[in-house]
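Attaching a predicted model along with its sequence, questions to come.
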Amino acid sequence: MKKPFFIGIDIGTQGLRILAVDITGTELGATEETFPLSEDLRREQDPLLWWTALRRSMKNLIASVGSAGLSGISVTSTSGTVIPLDAAGNPLYPAIMYSDTRQNEEAAYCRQLAAGSGEKAFVVFNSSCGLPKMLWFVKNHPGQARHIRYWAHAADFIVGRLSGRYGVSDYTNVLKSGYDVANMRWPEWITAGLPVKQEWFPEVLPPGGIAGQLDQHLKTEFGIEQDVPVAAGMTDGCASQVASGAVKPGQWNSTIGTTLVLKGITTSVVDDPQGRLYSHRHPEGYWMPGGAANIGSDWVRSEFPGTDLDVLTAAAVAKVPTGQFSYPLMQQGERFPFIAPQARGFEPAGLDEATRFAAKMEGLAYVERYAFELAAALSGEKAEAVYSAGGGSNNPLWLQIRSNVLNLPLHKMENVTGALGAAILAASATYFGSLTEAAEAMTSIEQTVLPQPEQTRQYETSYLEFIGLLKEKGYLENETNYA
């Protein structure tokens, strides 16, 4: 008898990935398909094109790995993307993408209503949130709005297509649509103050909760004989956090890609009036605070084009700690861990290439530490370990610098894709007893880096000087002193 395995589906802005893994997280097979991308497609995409590509990819994957043992499927996709559906689950309009910025006016109105309601809001509404997009659609397309039966988030739509059950979502996808994740209800102010109906909003399950069984016609199409549970999904950021293994209180996932993204687990909600951090709800009752910066690792290729980074890293080893202060922000303005629209990158003049490279790595590590101190101050809970992902985790010197600056162990993970996170969700309710149990069994640490006491002490002084520089420049003028 074939061992159980699970399929995770990740539908992103630029394509989809489907991954099959067993109960240890070992990859059995995977398929990918790229979507065309343009400025228009950053605003709206046809969800039926996602579905067509998914069906094609699923058939290819099942043909490759076989169907025996398939025990669950789940989905992750972009946070804030919403689709109006009719009673049959058919789209009335293209998916309104999270990256569509036309809803700024509606976002401001939602913020005003939420603030005046007297109820606690768990997100500061902006144009990337689902609720303002719903309001925008109703205002601009009233004819089509009359036929709405469901509002679906991107992952919800795919769960509906797979199971035939629409009107179901999960804790993480509904957050940016205004759901009260503390009391598990849709707040009254939404339907009282907006031209939306209560029946449009989905039933909300825990991520990984069973939404239904794989549709019989799809089982025939894919060549599957047994019943296969379809689990409620999760936003892509939360799914990547699950794949990182950071699923218990005190554990944090820090991803350094184009941007720096922090996501962690706390026992208490993180209440940030400035909206730098917001909290998802963990299926086991914990909280999943997170925030995303503008600063990241995009400076590496743009500042050192054509450079052999292995050679440069070897030269930089002898330079750390540098005692130099570089803030490698590539655009104007920062949103996390502080809000400073006027912020610009800076660095000393005249540094040799290796020192400059090392100082930029240190600068981002200082910002990362400030982010952890912000989270600790707001939650009252400190990070115990960091599960690291993104391109920044591939540089061994940078891992060591970050561990020293943070004074925390850093775990570099083997696989942190959203598709793996979705597969873990599918396994959590069908094979394992909880998300924590599933993640512990299905994620693997590739490398652990520990702080070096001498360099940690040196970086303590440099970090405080770096924070002083940010204050002098006015970037932290509205911030509580966490350093």
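Good, I have the coordinates.

Helices of the stretch 351-483 of the chain, start to end?
Using DSSP state H, counting those that start in this stretch, the helices assigned to the stretch 351-483 of the chain run over residues 353-379, 396-406, 418-430, 435-442, 453-472.

Report the buried residues of the first one.
Which is helix 353-379. Along helix 353-379, these residues count as buried under the neighbour rule (16 or more other C-beta atoms under 10 Å): 354-376, 378-379. Using the backbone N, CA and C atoms, a C-beta is placed for each residue, glycine as well.

Tell me which of the helices of the stretch 351-483 of the chain sits nearest to residue 151.
helix 418-430 (21.3 Å; C-beta to C-beta).

Please give me every residue in contact with the residue nearest to residue 234 when sequence neighbours are not counted.
Distances taken as C-beta to C-beta, 6 or more residues apart in numbering put residue 207 closest to residue 234, at 4.3 Å, once the chain neighbours are dropped. Residue 207 sits next to 170, 171, 172, 231, 232, 233, 234, 238, 283, 425, 435 when contact means C-beta atoms under 8 Å, 6 or more residues apart in numbering.

Would you check that the last one makes contact with residue 231?
I take that to be residue 435. No: applying C-beta atoms under 8 Å, one finds residue 435 not in contact with residue 231, separated by 10.7 Å.

what do the two both touch?
Going by C-beta under 8 Å, 6+ apart, residues that sit against residue 435 and also against residue 231 are 207, 208, 425, 428.

quick check, nearest of the residues you listed to residue 338?
Comparing the shared contacts of residue 435 and residue 231 against residue 338 with C-beta to C-beta picks out residue 207 as the nearest, at 29.9 Å.

Just confirm that closest one is within a helix.
No: counting by DSSP: H, G, I helix; E, B strand; the rest coil, one finds residue 207 to be coil, located in no helix.

returning to what we had before: which of residue 435 and residue 231 has more neighbours?
Ranked by neighbour count (other C-beta atoms under 10 Å), residue 435 and residue 231 place residue 231 first, with 31 against 25.

That one: what's it in contact with?
Residue 231 is in contact with 72-74, 159, 207-211, 425-426, 428-430, counting by C-beta under 8 Å, 6+ apart.

can you rerun that using 6 Å?
By C-beta atoms under 6 Å, 6 or more residues apart in numbering, residue 231 lies in contact with 72, 74, 208, 210, 425, 426, 429.

Pass me the low-pLDDT residue ranges in the stretch 1-150 of the chain, would you?
Applying pLDDT under 70 to the stretch 1-150 of the chain flags the ranges 1, 37.

can you tell me the distance between the two ends of stretch 336-356?
Using C-alpha to C-alpha, to the nearest Å, the end-to-end distance of stretch 336-356 comes out at 24 Å.

residues of that stretch that come out buried?
336, 337, 338, 339, 340, 343, 345, 347, 351, 354, 355, 356.

isn't residue 276 right up against residue 334?
No: taking contacts as C-beta atoms under 6 Å, residue 276 lies outside contact range of residue 334: 9.8 Å.

Would you mind listing the outside residues contacting stretch 432-443?
Contacts of stretch 432-443 with the rest of the structure, by C-beta under 6 Å, 6+ apart, involve 25, 242, 245, 247, 248, 283, 284, 424, 427, 428.

ok, now with 8 Å
Applying C-beta under 8 Å, 6+ apart, the set of residues contacting stretch 432-443 is 21, 23-25, 207-208, 242-245, 247-248, 282-284, 413-415, 420, 423-425, 427-428, 431.

do stretch 375-388 as well
Where contact means C-beta under 8 Å, 6+ apart, the residues beyond stretch 375-388 that reach it are 244-246, 249-256, 262, 264, 266-272, 277, 287, 289, 291, 372, 399, 402, 406, 408-413, 416, 480, 482.

on that earlier part again, can you lay out the shared contacts of residue 435 and residue 231 as TSV showing pLDDT and distance to residue 9?
Rendered in TSV, the data for the shared contacts of residue 435 and residue 231 read as follows (pLDDT from 0 to 100; distance: C-beta to C-beta, whole Å):
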residue	pLDDT	distance to residue 9
207	96	14
208	96	14
425	97	11
428	97	15
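
May I see those organised as TSV, with distance to residue 32 added?
As requested, these are exported to TSV (distance: C-beta to C-beta, whole Å):
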residue	distance to residue 32
207	23
208	24
425	20
428	24
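
Now for these, which sits with the most neighbours around it?
Neighbour-wise, the shared contacts of residue 435 and residue 231 (other C-beta under 10 Å) top out at residue 425, 34 neighbours.

show me what contacts that one?
When contacts are counted by C-beta under 8 Å, 6+ apart, residue 425 is found next to 8, 74, 76, 207-208, 231-234, 239, 242, 435, 438.

Export those residues to CSV and append columns for distance to residue 130.
Output for the contacts of residue 425, formatted as CSV (distance: C-beta to C-beta, whole Å):
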residue, distance to residue 130
8, 22
74, 20
76, 16
207, 16
208, 21
231, 21
232, 16
233, 14
234, 15
239, 17
242, 21
435, 23
438, 27
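
Counting neighbours, which of the contacts of residue 207 comes out on top?
The most neighbours of any of these, using other C-beta under 10 Å, belong to residue 233, which has 38 neighbours.

Neighbouring strands - and their directions - for the strand or helix carrying that one?
Of the helices and strands defined by DSSP states H and E, residue 233 is found in strand 229-235. Partner strands and pairing direction for strand 229-235 (DSSP bridges) are strand 70-77 (parallel), strand 210-213 (antiparallel).

so of the ones you listed, which one's packed in deepest?
Per-stretch averages of neighbours, counted by mean count of other C-beta atoms under 10 Å, single out strand 70-77 among those, with a mean of 29.

hey, C-alpha coordinates of that strand in CSV?
What follows is the C-alpha trace of strand 70-77 in CSV, where atoms were taken according to Å, rounded to 0.1, in the frame of the first residue of the first chain:
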residue,chain,number,x,y,z
LEU,A,70,-3.3,10.9,-2.2
SER,A,71,-4.9,11.9,1.1
GLY,A,72,-5.5,15.7,0.9
ILE,A,73,-5.2,18.9,-1.2
SER,A,74,-5.0,22.5,-0.1
VAL,A,75,-4.4,25.9,-1.7
THR,A,76,-2.5,29.1,-1.1
SER,A,77,-2.7,32.3,-3.1
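
Please state the offset of that strand from the chain centre?
When C-alpha coordinates are averaged (C-alpha atoms, centre = their mean, to the nearest Å), strand 70-77 and its chain have centres 17 Å apart.

cool, and stretch 113-125?
Stretch 113-125 sits 22 Å away from the centroid of its parent chain (C-alpha atoms, centre = their mean).

same question, stretch 297-317
Using C-alpha atoms, centre = their mean, the distance between the centre of stretch 297-317 and that of its chain works out at 27 Å.

residue with max distance from the center of the protein?
The outermost residue of the chain, judged by C-alpha distance from the chain's mean C-alpha position using C-alpha atoms, centre = their mean, is residue 350 at 37.9 Å.

For residue 107, see how far away the nearest residue to residue 43 once chain neighbours are set aside is.
Counting by C-beta to C-beta, 6+ apart, the nearest residue to residue 43 once its immediate chain neighbours are dropped is residue 100, at 4.2 Å. As for residue 100, its distance to residue 107 is 11 Å (criterion: C-beta to C-beta, to the nearest Å).
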